[in-house]
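Chemist: kindly return the folded structure for what I paste below:
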Amino acid sequence: MGAGGAVSQRTQDARRQERLLREQWQAARRQALRWEAVGEGEQRVLAQLLVLTARGWRLLVDRQWSGTRTTGADMLLVGPGGVFVIDVTAGGGPGEEHAAQLLAATKAAESAVASLGMSPVAVQPLIVLAGRSFDAVHGRIRLLGEHEIGPVLLSQRHRLGGESVRAIADHLERVFPGCAGSAVDQQVSSAPEHHRPSSSDGLFDLEGLRDAALEAAMRAPIEQWMTFLHPDQVALVRRNWSGPARISGPAGTGKTVVALHRAAYLARRTTGRILYVTFANNLPRVQSTFLRTMAPAVADRVDFRSLHSWAQEFLQERGIPVRLHGDKAETAFSLAWKHVGRESRLAELDPAPAYWHEEIDYVIKGRGLTRFEEYATLPRRRRKASLHRAHRQSVWELYEAYESLRGERGVHDFNDVLSLALAEASRERERPPYAAVIVDEVQDLTLVGVRLLHALVGDVPNGLLLVGDGQQTVYPGGFRLTDAGIDIRGDRGQVLRTNYRNSKQILDAALTVVADDAFEDLDGMRTPGRRDVDLTYHDGDVVRVTRTTLEAHDTELLDALRSLPDGALADTALLCPSMRAVGHYQRLLSQAGVPVCQLEHYDGRPVDAVKLGTYRRAKGLEFKNVFLPQHDAALANGTQGDTAGGKEMPETAREREELLRSQLFVAMTRARDLLWLGNVTR
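Modeler: Numbering: from 1, shown residues only. As a prediction, the model looks like this:
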């Protein structure tokens with residue numbers, strides 16, 4: 001067909017679609033006129049919604065609309081964007097009683113679809129103002145004008161396929177017998193093939209519906225998959241906790257997804273703000289983007305922050321000076337080590353000052369210790385080196401020297417920021433206006449950090465939710481929740497046991513790294529490194545590449561990246577153990593013309609580029625394809641020389657190696673479909 005013929009065909013198709021739409025609109029108007037008791041404006045709104053039914057949407061209208069409503073809402077609309085509980089009015093905005101009735105109907109709809117595994121964020125209350133142009137939010141309710149309702153509904157993120165729409169609508173029709181299904185007359189509803197419902201109506205089994213939703217989510221870009229809530233997790237999002245609660249579980253069990261949906265759920269049911277906190281400073285940008293996609297109506301009510309950035313802002317608002325200066329604080333420690341530590345008995349255990357710097361950061365200041373006697377008898381959780389009292393005395397002298405030098409320079413370190421914020425938050429004065437605090441990757445925080453967040457909401461019901469897994473700890477030191485005064489009783493401690501992300505091949509490869517590393521979780525339980533989980537995904541692959549030179553290894557890496565299908569780079573990450581390695585692969589990929597997005601700049605929106613960053617920076621994220629070049633180099637370098645001359649590996653070296661294995665484990669479990677492991681045997 002020539003160019004002219006192609007244009008003519010497109011013109012004919014456009015005219016055909018325009019004619020079809022006009023016929024559907026005329027049929028919808030005739031159908032709407034049957035509701036004689038409602039006004040002209042309400043009839044026009046109904047006609048718009050009826051047109052959607054010719055494209056696979058389902059509309060349930062209250063049989064007593066304009067009379068005594070039976071559901072608290074005029075209509076229930078089910079479509080690709082979810083379930084919409086709709087009230088149509090020709091007047092102004094909603095009164096309190098009006099809004100309460102609509103929210104009660106919305107809550108009933110949420111409960112009805114929860115049994116089918118639908119997330120609460122997919123049920124939205126709407127008030128449509130007939131005869132007006134309007135777009136605003138009234139609490140949880142979105143107010144739309146007559147001219148806005150159609151475009152808004154069609155622009156919603158697609159959550160449901162055709163079979164799910166029909167199954168959910170059928171279920172709602174049974175739950176709300178006062179509603180009747182309404183649709184455009186069938187003789188004109190010859191919708192385009194890609195909109196036409198399947199002819200195979202009937203009952204849908206729950207497992208089939210769930211499997212269809214899972215399959216659709218896995219086909220979507222990784223960003224959409226990362227917000228997919230499995231039906232088995234819906235009850236956890238809606239649970240009512242009597243006090244602080246915790247969600248734990250192995251890698252891949254969907255802890256962060258549950259936490260995000262929980263944030264949206266709470267934001268819709270409270271008047272205060274929700275604080276969602278992580279340790280890493282890149283995750284809040286990503287998680288904020290995810291929530292805006294999932295639940296735009298409440299996204300502005302959730303504050304996503306890294307702990308330290310929030311604490312600094314909190315102190316500034318309270319007029320407390322903060323002089324955070326990492327470089328000057330580091331210089332102060334270097335001088336303290338030079339004058340006090342280097343010639344002390346500490347050098348006999350480990351001559352590298354980094355270990356002792358961590359001891360101060362995570363054990364002394366991280367736990368808020370101020371007296372030596374507190375430190376002298378303290379169990380040093382997740383620290384393997386045995387320190388006798390004389391060693392601890394040397395550590396304390398190093399700490400005091402560091403604090404003196406830091407004070408002379410008039411600067412704070414990161415631990416000081418949290419300690420100052422905790423002291424301020426604990427004062428008898430007005431607390432920040434948070435209805436709830438959700439903490440993701442809680443195992444990465446220090447004890448002072450957890451105490452600070454607990455102080456913001458205390459033990460109120462549904463106030464504090466801690467999410468994380470002790471096996472995925474990538475920083476030294478540790479604590480128990482009881483040390484922070486947090487008591488997780490009974491069912492307020494929930495353990496997820498189903499891995500939705502990793503295949504058996506990928507998970508086995510990752511667990512092999514940490515199989516011998518039992519760990520102590522925040523509840524004090526000693527847990528083996530290889531944990532049993534239920535798997536739902538079975539298609540992931542592990543590719544191992546070993547070369548004798550770095551050049552050959554990197555050539556294989558580039559070939560593997562180039563062989564990915566078109567568009568796959570958007571779902572791909574290349575992770576490294578150090579910033580030095582990140583720099584090497586940034587140069588390699590750039591020179592090869594492979595687009596790169598640094599993980600520290602990634603904000604959760606799809607970008608057609610390889611995500612490049614460290615193992616630590618990848619925490620809380622997941623990707624379809626993960627490449628780990630020279631993946632075992634860090635382990636080899638971390639213990640090189642530790643057993644030289646037949647000597648046993650020092651305890652500090654064993655601790656360092658275990659932490660490196662934990663970081664590698666985290667990186668490996670980010671992969672869903674492909675895990676590429678590179679190795680160089682020199």
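
Chemist: for the stretch 551-682 of the chain, give me the ranges with low pLDDT.
Modeler: For the stretch 551-682 of the chain, applying pLDDT under 70 flags the ranges 636-649.

Chemist: using CSV, write out every CA atom in stretch 472-490.
Modeler: C-alpha atoms of stretch 472-490 as CSV (Å, rounded to 0.1, in the frame of the first residue of the first chain):
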residue,chain,number,x,y,z
GLN,A,472,20.2,-8.0,55.1
THR,A,473,22.3,-5.9,57.5
VAL,A,474,25.0,-4.1,55.6
TYR,A,475,26.4,-2.0,58.6
PRO,A,476,28.3,-3.2,61.7
GLY,A,477,26.8,-3.3,65.2
GLY,A,478,23.3,-4.1,66.3
PHE,A,479,20.6,-3.9,69.0
ARG,A,480,17.4,-5.4,70.1
LEU,A,481,14.0,-3.7,69.9
THR,A,482,13.7,-4.1,73.7
ASP,A,483,16.8,-2.0,74.1
ALA,A,484,14.7,0.8,72.5
GLY,A,485,11.8,0.3,74.9
ILE,A,486,9.7,-1.2,72.0
ASP,A,487,7.7,-4.3,72.9
ILE,A,488,6.3,-6.2,69.9
ARG,A,489,3.7,-8.5,71.5
GLY,A,490,1.7,-11.4,69.9
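
Chemist: and the residue positioned nearest the centre of the chain, what does it touch?
Modeler: By Cα atoms, centre = their mean, the chain has its centre lying nearest to Thr256, at 4.1 Å. Listed by Cβ atoms under 8 Å, 6 or more residues apart in numbering, the contact set of Thr256 reads Met226, Gln287, Asp440, Val467, Gly620. In this view, the C-beta of every residue, glycine as well, is placed from N, C-alpha and C.

Chemist: and what of Tyr265?
Modeler: Pro120, Val121, Val237, Arg238.

Chemist: host element of the third one?
Modeler: Which is Val237. helix 234-238 (DSSP states H and E).

Chemist: packing partners for that helix?
Modeler: Other elements packing on helix 234-238 under the criterion 3 or more Cβ pairs under 8 Å, 6 or more residues apart in numbering; DSSP states H and E are helix 96-114, helix 255-267.

Chemist: Ser662 is nearest to which of those?
Modeler: For the helices and strands packed on helix 234-238, the distance to Ser662 is smallest for helix 255-267, at 16.6 Å, taking Cβ to Cβ.

Chemist: of the helices and strands packed on helix 234-238, flag the one that's most buried.
Modeler: helix 255-267 (a mean of 25; mean count of other Cβ atoms under 10 Å).

Chemist: within its sheet, name the partner strands of the next helix or strand after that helix and how each one runs.
Modeler: Next along the chain after helix 255-267, taking DSSP H and E as the criterion, comes strand 273-278. Strand 273-278 sits in its sheet next to strand 302-306 (parallel), strand 434-440 (parallel), going by DSSP bridges.

Chemist: quick one: which of these is nearest Gly178?
Modeler: Nearest to Gly178, of all the strands paired with strand 273-278, is strand 434-440, at 33.5 Å by Cβ to Cβ.

Chemist: quick one: buried residues of the closest one?
Modeler: Neighbour-count burial for strand 434-440 flags Tyr434, Ala435, Ala436, Val437, Ile438, Val439, Asp440 (criterion: 16 or more other Cβ atoms under 10 Å).

Chemist: for the first one, name its beta-bridge partners.
Modeler: On the basis of DSSP bridges, Tyr434 is bridged to Arg273.

Chemist: where does the helix or strand where Leu172 lies sit relative to the chain's centre, distance-wise?
Modeler: Assigned by DSSP H and E, Leu172 belongs to helix 162-175. Using Cα atoms, centre = their mean, to the nearest Å, the mean C-alpha position of helix 162-175 is found 29 Å from that of the whole chain.
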